[in-house]
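In: Coordinates only, no sequence provided:
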């Protein structure tokens, strides 16, 4: 198992928790100096709050953990490709790198609909790795929406 | 004075508070049924937190005020064109309308660099009005950056 696959496992654990509480199953973790300094899962319905996506909550926790808004030196692992809001937060927090599992063809803003995190016009570019444990990440989503349609 | 100019005045008051505490002077207010249910200004340096933009904080306050993540029926007034993160949050919260003062040619994601809030591919479109009290909104920004360069 590679380092990326290992850390994506932590994001998958968060996504599984979201699934268990009836939230769209997306999880995120932020790694700094080989340590998980922030973990979060989607809480939109539970709070309820439109901005409570896993990535945004993880970024806010990481800022608190490090006591700074620049997350230089950090990598974000997230199970699903970030939406425009979360991709924008990744740029705003100056994350070094983002690793995601499966694409979101409808609203993904890293590769699919927009390419926000490495747009030269913005004042920061974040490196991207995609497709890590892709099937497991996608499977959680399809299972969730299938079971919701059946209800 | 039009209704939009009046409400932008409240966003300008928030921006002036940001200026006074040394934050980039951007302010936001959310109006629901003619009432300001959320007001906020940029707190990135004070917290410190990369996501603490005026619009995002206002959206979070409005979700708490209404007890729901869908801000249907609400209009967001903000002094400067939102960045990708905040434009994404506007779509995610299903805001009816956004009104901003001056453009941000470098990072604006409503008209300038991206057109996120009314991209047909995403699952919601927010109406846009721009240029309300534009000079006052822009003046706060140019004054702030001029005084910071002088320090």
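Out: Everything's here; your move. Values in this document were obtained by computation on a predicted structure and should not be read as measured data.
In: pretty sure residue A:84 contacts residue B:90?
Out: No - Residue A:84 is beyond contact range of residue B:90, at 9.4 Å (criterion: C-beta atoms under 8 Å). In this view, the C-beta of every residue, glycine as well, is placed from N, C-alpha and C.
In: List the residues that are in contact with both of the two.
Out: Common neighbours of residue A:84 and residue B:90, counting by C-beta atoms under 8 Å, 6 or more residues apart in numbering or on different chains, are residue B:116.
In: what's the helix or strand for the one residue sitting closest to the centre of chain A?
Out: Using C-alpha atoms, centre = their mean, the residue of chain A that lies closest to the mean C-alpha position is residue A:78, 3.0 Å off. Using DSSP states H and E, residue A:78 maps to strand A:74-80.
In: Now do that strand: distance to the chain's middle.
Out: Its chain's C-alpha centre and that of strand A:74-80 lie 5 Å apart, by C-alpha atoms, centre = their mean, to the nearest Å.
In: for chain B, what are the nearby residues on chain A?
Out: Taking C-beta under 8 Å from any C-beta of the partner chain, the part of chain A that reaches chain B is made up of A:44-45, A:47-53, A:56, A:59-60, A:63-64, A:67-71, A:83-89, A:91-94, A:106-107, A:109, A:113-114, A:116, A:119, A:121-123.
In: okay, now residue A:106: neighbour count?
Out: Residue A:106: 12 surrounding residues under other C-beta atoms under 10 Å in any protein chain shown.
In: SS state for it?
Out: Per DSSP: H, G, I helix; E, B strand; the rest coil, the local secondary structure of residue A:106 is coil.
In: give me phi/psi at it?
Out: The phi/psi pair for residue A:106 (degrees, to the nearest 10) reads phi -80, psi -40.
In: try the one 3 residues further on
Out: Note on residue A:109: backbone dihedrals following degrees, to the nearest 10 are phi -120, psi 20.
In: tell me the contacts of it?
Out: Contact partners of residue A:109, counting by C-beta under 8 Å, 6+ apart, are A:81-84, A:86-88, A:115-117, B:84, B:88.
In: and if you look at residue A:134?
Out: For residue A:134, the contact set (C-beta under 8 Å, 6+ apart) comprises A:101-102.
In: Can you give me the distance of it to chain B?
Out: Counting by C-beta to the nearest C-beta, to the nearest Å, the gap from residue A:134 to chain B is 22 Å.
In: Check that residue and give its pLDDT.
Out: Model confidence at residue A:134, given as pLDDT, is 98.
In: Kindly write the ChimeraX command that selects the buried subset of the residues of chain A next to chain B.
Out: Here is the ChimeraX command that selects the buried residues among the residues of chain A next to chain B (16 or more other C-beta atoms under 10 Å in any protein chain shown):
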select /A:44,47,49,50,51,52,53,56,59,60,63,68,69,71,83,84,85,86,87,88,89,91,92,93,94,107,109,113,114,116,119,122
